[in-house]
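S.K.: What follows is a predicted protein model with its sequence.
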Amino acid sequence: MKKQYILFDFDGVIVNTEPQNAHYLQKTLKSFGIYMNHEDLKGFIGVNSREKILHYLSRSKENVSWEMYQKRRKEMGNTYENDAICPMPGLQELFQWMKERNPGKELKEKILTSSMHEFLIHGVKLVRMDDIANSLGISKRTLYEIYSNKEELLLEGVRLKEEEYDRHMTAYSLDSSHTVIDIIIEFYKRQVGYLSSASPMFFTDLHKYAQVMAYLDRLHAVRRSYALDFFTRGVREGYFRADVDYNIMLRLGSAAMETVMKEQMYNEYDLKHIFHNVILLNIRGLCTTEGIKLLDHFLDHETLPQ
């Protein structure tokens, strides 16, 4: 992909260093007994004239050489190494606008959207990088400049999907109007929607990519730690039983899903059907009478997978 660059001048475009330059110039000359007023300093705006500075140095009672001036100037401080240097007004907003308008970013998003759609439908193995490039009307070279291989592309797609899921569930959970049963139901709906869009081959192929599986293992470990807090909240709200060891239940739940994936049960049973039996009905066994009442209301009105 052809790269595009924009070059900016620094002083007066990125930052305004004139006030600091004037400050250090005035401070340096003062150390030699030369005092400059505002009008004198204005004459140096945009100018770095050796002859002009030497003219002012000639007023000193000392015999000040150019080398002596440069040494003293360095001792006074660096114009670019202080907190007074700030971006020009509107510069940060301009850079943000340019970032959002970045055509490379837009192409990257198109590649991710298109490839993940194909991976979910056909599985990862059957979708070639050539197929992705052709579907987007770009060269294979352009594709490889953005993603060096299929695993890198898959990892990025999975990561973005999981991050979007976490953001949604976090926001949903923080809504004080939602009970833990509401959260379980929302979790169930999101997962069923995801499973409905995925081919069993997608999950089979995932296990062939070590970086992707390492990422998912780390993610699931983090989520299990949050799950304990979730069940504690459920007990406090009165929807989950207080006589259950939730550490054991979490380990059993993880083992059950690992068995599903290891034995590729999704080739024998519908994924939604597996998820319904492994997750939702097990959760029902953890509920108090009040929790069961709310969960059964959902189950009675939900079209369940066959």
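M.R.: Received the coordinates, thanks. Owing to the predicted nature of the structure, the values given are computational and were not obtained by experimental measurement.

S.K.: Flag the shaky bits of the chain, pLDDT-wise.
M.R.: Low-confidence segments of the chain, defined by pLDDT under 70: 1-5, 45-48, 78-85, 98-104, 302-306.

S.K.: quick one: furthest residue from the center of it?
M.R.: Largest separation from the mean C-alpha position in the chain: Lys61, at 61.3 Å (Cα atoms, centre = their mean).

S.K.: Following element in sequence after the longest helix along the chain, please.
M.R.: Assignment by DSSP state H gives helix 210-237 as the longest helix of the chain. Using DSSP states H and E, the helix or strand that follows helix 210-237 in sequence is helix 246-262.

S.K.: Run through the neighbouring helices and strands of that next one.
M.R.: Applying 3 or more Cβ pairs under 8 Å, 6 or more residues apart in numbering; DSSP states H and E, we find helix 246-262 packed against helix 210-237, helix 281-284. (Glycine included, C-beta is placed from N, CA and C.)

S.K.: redo that, cut-off 6 Å
M.R.: Counting by 3 or more Cβ pairs under 6 Å, 6 or more residues apart in numbering; DSSP states H and E, the packing neighbours recorded for helix 246-262 are helix 210-237.

S.K.: Pull out the buried residues from the helix it packs on.
M.R.: Neighbour-count burial for helix 210-237, counted by 16 or more other Cβ atoms under 10 Å, picks out 212, 216, 227, 230-231, 234-235.

S.K.: Domains of the chain: list them as residue ranges, please.
M.R.: Annotated domains of the chain cover 18-76, 156-301 [automatic domain parsing].

S.K.: Tabulate those in JSON lines, adding columns for distance to Thr142.
M.R.: Shown next, in JSON lines, are those (distance: least, Cβ to Cβ, whole Å):
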{"stretch": "domain 18-76", "distance to Thr142": "43"}
{"stretch": "domain 156-301", "distance to Thr142": "16"}
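
S.K.: Tell me the secondary structure at the residue farthest from the centre of the chain.
M.R.: On the three-state scheme (DSSP: H, G, I helix; E, B strand; the rest coil), Lys61 is labelled coil.

S.K.: who touches stretch 263-274?
M.R.: Applying Cβ atoms under 6 Å, 6 or more residues apart in numbering, the contact partners of stretch 263-274 are 192, 195, 200, 260, 305.

S.K.: what about it, distance to the chain center?
M.R.: A distance of 32 Å separates the centroid of the chain from that of stretch 263-274, by Cα atoms, centre = their mean, to the nearest Å.

S.K.: Quote the end-to-end distance of it.
M.R.: Stretch 263-274 stretches 13 Å from its first residue to its last (Cα to Cα, to the nearest Å).

S.K.: Next, the buried residues of it.
M.R.: For stretch 263-274, by 16+ other Cβ under 10 Å, it's 266, 271-272, 274.

S.K.: which residues of the stretch 1-150 of the chain fall in helices?
M.R.: Applying DSSP state H, counting those that start in this stretch to the stretch 1-150 of the chain gives helices spanning 18-31, 38-42, 50-57, 66-76, 91-100, 103-122, 129-136, 140-146, 150-174.

S.K.: His301: which of those is closest?
M.R.: Among the helices of the stretch 1-150 of the chain, the nearest to His301 by Cβ to Cβ is helix 150-174 (19.5 Å).

S.K.: Show me what the next helix or strand after the closest one is packed up against.
M.R.: With elements assigned by DSSP H and E, the helix or strand that comes after helix 150-174 is helix 180-196. Judged by 3+ Cβ pairs under 6 Å, 6+ apart, helix 180-196 is in contact with helix 210-237, helix 271-275, helix 289-301.
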